[in-house]
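[1] Pasting a predicted model and its sequence here:
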Amino acid sequence: MPESFASAVAIFANLHFIASIPNGELLELDQTPNPLREELVTKPLKIDREGYVRLPEGPGLGLELNKETIEKYQVREVL
């Protein structure tokens, strides 16, 4: 069972991996507040009442990054 405690990109990638394997059924997903999970994509994943998440649709991993969030958390080198 893949675990995902990082960014939204990692979660989306893990979901696609799980969907691609014959015994892929579960994803351990952290629910503590995390802006790189909740704000990094324009359409965050939604967990339904039964605990299911639909595989995102669209090109690539099915996500679009929120450019404002990237700017907010970007680390810039100071010379």
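    Happy to help now that I have it. Residues are numbered from 1 along each chain as shown.

[2] Quick check: longest helix in the protein by residues?
    The helix that spans the most residues within the chain, counting by DSSP state H, is helix 8-20.

[3] so what does that helix touch, helix or strand wise?
    strand 3-4, helix 35-38 (3 or more Cβ pairs under 8 Å, 6 or more residues apart in numbering; DSSP states H and E). From N, CA and C alone the C-beta is placed, and that goes for glycine too.

[4] Distance of Ile21 relative to Leu27?
    Here the criterion is Cβ to Cβ, to the nearest Å. By it, Ile21 lies 12 Å from Leu27.

[5] Of those two, which one has the most company?
    More crowded of Ile21 and Leu27, by other Cβ atoms under 10 Å: Leu27, with 16 against 9.

[6] Which strand residues bridge Glu3?
    Beta-bridge partners for Glu3, by DSSP bridges, are Glu28.

[7] so how far is Val9 from it?
    Distance, Glu3 to Val9, using Cβ to Cβ: 15 Å.

[8] Between those two, which is the more surrounded one?
    Taking neighbours as other Cβ under 10 Å, Glu3 and Val9 compare with Val9 leading, 16 against 12.

[9] So that one is in contact with Leu40, correct?
    Yes - assessed by Cβ atoms under 8 Å, Val9 is found in contact with Leu40 at 7.0 Å.

[10] rewinding a little: in terms of mean pLDDT, which of the helices and strands packed on helix 8-20 ranks lowest?
    For those, mean pLDDT drops lowest on strand 3-4, to a mean of 76.
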